[in-house]
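Trainee: can't give you the sequence, but here's the structure:
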């Protein structure tokens with residue numbers, strides 16, 4: 001049974017391609033900047049983040065605040081054609097402009113400014129080139145799956161959009177991807193919505209524009225109505241390997257706790273194999289032995305450059321993060337400009353990373369400035385440890401509720417703030433959350449707890465939306481200096497029974 005994601009934590013809507021000597025994979029990023037994390041692998045099993053596609057303000061407009069949650073960048077498609085990488089996606093807050101397209105010959109050197117497909121309105125766009133070299137844009141619209149020829153360098157549509165398939169009758173036909181194989185064009189889509197009914201369906205045609213005939217056994221892949229620990233499976237993309245074999249990446253979630261089950265780290269990326277039977281794709285779910293992925297890290301910001309894992313909701317990093325010059329004399333760390341004011345409910349300048357595991361601990365060492373260590377789903381669903389002077393406060397904001405959960409005074413600024421997520425999936429009961437969030441700090445080698453909270457309140461099932469938890473640091477009324485951030489899947493320090 002395949003249960004390990006290849007990209008754990010909030011990495012939904014995966015799209016994959018082969019380019020030269022490696023696989024490349026991109027995922028959605030929604031309201032977070034930079035947008036569209038990009039990964040590289042030589043075996044489909046182990047992935048390294050090599051950057052973010054939309055990493056300049058001219059490429060990506062994001063906004064912050066409660067209304068911004070789960071807006072921004074929806075599902076991208078990543079393709080390699082005639083020596084160039086192409087990526088098409090939709091920025092929901094600019095949906096009226098059409099989909100945006102960027103390209104590059106080298107992802108390590110940055111991507112072009114975007115062009116927009118004026119007249120193609122919807123989500124989940126795809127690019128595919130036919131034998132004559134014409135590029136076809138296919139996307140999800142409220143009427144079904146639409147298509148038009150497009151000039152990808154300008155975004156100009158070269159034909160009138162038309163509906164090519166409406167799916168099998170399940171809800172929300174979306175996430176189209178087109179592939180040419182053995183004289184057929186295959187249209188792979190998602191149906192059933194991205195919740196428990198999520199599924200993958202396929203149709204084929206001798207022509208890129210249809211008409212498309214559905215697979216007689218649709219949907220070809222789903223975990224709906226099963227006890228599989230990975231649910232919501234769908235939004236698949238296929239890739240052909242150099243040896244002629246095929247694979248499929250898809251999104252899924254790992255719900256835990258009592259019914260209806262709660263997922264907290266968002267929709268993650270999983271891997272399956274594909275075989276071809278009678279010129280139809282057949283999903284081989286356990287074709288790959290996917291190992292648990294390494295996710296722990298310590299960042300002391302010593303090289304003066306932020307790792308591409310760092311993101312922020314609704315604001316560009318360069319507006320509030322200042323890295324020291326790696327060649328200059330330095331005290332270490334990164335300076336964060338003042339963010340959320342006293343009593344503020346929404347983050348202003350949160351420097352964050354994705355939470356990626358069922359159980360983890362995050363520690364932030366901030367010897368200068370007032371600061372908060374926060375884990376959040378969105379601006380209205382977060383918990384954190386705030387430090388002002390030598391006073392620590394554990395705080396929770398859930399919808400309209402804003403509550404102080406615990407406090408301690410006389411805590412040194414050199415004591416790291418800390419948050420733990422403790423897996424509770426094995427607990428028995430009818431009202432169990434997926435985990436327990438412990439808020440506190442580390443002193444004298446011990447994790448000292450200020451407060452605890454049921455992790456259900458920071459789940460997608462409570463907050464709604466399409467993202468997952470992130471954990472990060474925000475300066476409060478003044479600037480602050482973050483000298484070390486550690487994310488660990490092992491709860492290393494022994495737990496003290498109280499803050500005292």
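Mentor: Yep, that arrived. Given the structure is predicted, the values throughout are model-derived calculations rather than measurements.
Trainee: least confident secondary structure element in this protein?
Mentor: Lowest by mean pLDDT, DSSP states H and E among the helices and strands of the chain is strand 495-496, with a mean of 79.
Trainee: what is that strand packed up against?
Mentor: For strand 495-496, the contact count by 3 or more C-beta pairs under 8 Å, 6 or more residues apart in numbering; DSSP states H and E identifies strand 446-454 as packing neighbours. In this view, the C-beta of every residue, glycine as well, is placed from N, C-alpha and C.
Trainee: can you name the next helix or strand after the strand it packs on?
Mentor: Using DSSP states H and E, the helix or strand that follows strand 446-454 in sequence is helix 460-463.
Trainee: identify the residues contacting that next one?
Mentor: Contact partners of helix 460-463, identified using C-beta atoms under 8 Å, 6 or more residues apart in numbering, comprise 69, 253, 260-264, 266, 377-378, 380-381, 398, 456, 466-468.
Trainee: does the closest residue to residue 334 other than its chain neighbours sit in a helix, a strand or a coil?
Mentor: In space, and not counting its chain neighbours, residue 334 is closest to residue 301: 4.5 Å by C-beta to C-beta, 6 or more residues apart in numbering. The assignment at residue 301 comes out as coil when based on DSSP: H, G, I helix; E, B strand; the rest coil.
Trainee: so residue 301 sits against residue 332, correct?
Mentor: Yes - counting by C-beta atoms under 8 Å, residue 301 touches residue 332, with 7.2 Å between them.
Trainee: which of these two has more residues huddled nearby?
Mentor: Under the neighbour definition other C-beta atoms under 10 Å, residue 301 and residue 332 were set side by side, and residue 301 has more, 23 against 14.
Trainee: gap between the two ends of stretch 79-87?
Mentor: From its first residue to its last, stretch 79-87 covers 6 Å (C-alpha to C-alpha, to the nearest Å).
Trainee: if I pick residue 356, what's in contact with it?
Mentor: Each residue near residue 356 by C-beta under 8 Å, 6+ apart is listed here: 8, 9, 265, 293, 295.
Trainee: just give me the neighbour total for residue 78.
Mentor: Counted with other C-beta under 10 Å, residues neighbouring residue 78 total 26.
Trainee: let me redo that: residue 401
Mentor: Count around residue 401 with other C-beta under 10 Å applied: 9.
Trainee: try residue 477
Mentor: 14.
Trainee: about what we covered before: which neighbours do residue 301 and residue 332 share?
Mentor: Shared contacts of residue 301 and residue 332, defined by C-beta under 8 Å, 6+ apart, comprise 324, 483.
Trainee: tell me where the stretch 101-250 of the chain has helices.
Mentor: Assigned by DSSP state H, counting those that start in this stretch, the stretch 101-250 of the chain shows no helices.
Trainee: how about residue 344, phi and psi?
Mentor: phi -70, psi 140 (degrees, to the nearest 10).
Trainee: cool, residue 68 as well?
Mentor: Here residue 68 shows phi and psi, under degrees, to the nearest 10, equal to phi -80, psi -10.
Trainee: quick check, it in contact with residue 31.
Mentor: Yes - here residue 68 reaches residue 31: they are 4.8 Å apart, a contact under C-beta under 8 Å.
Trainee: could you check which of these two is surrounded by more residues?
Mentor: residue 31 (28 against 19).
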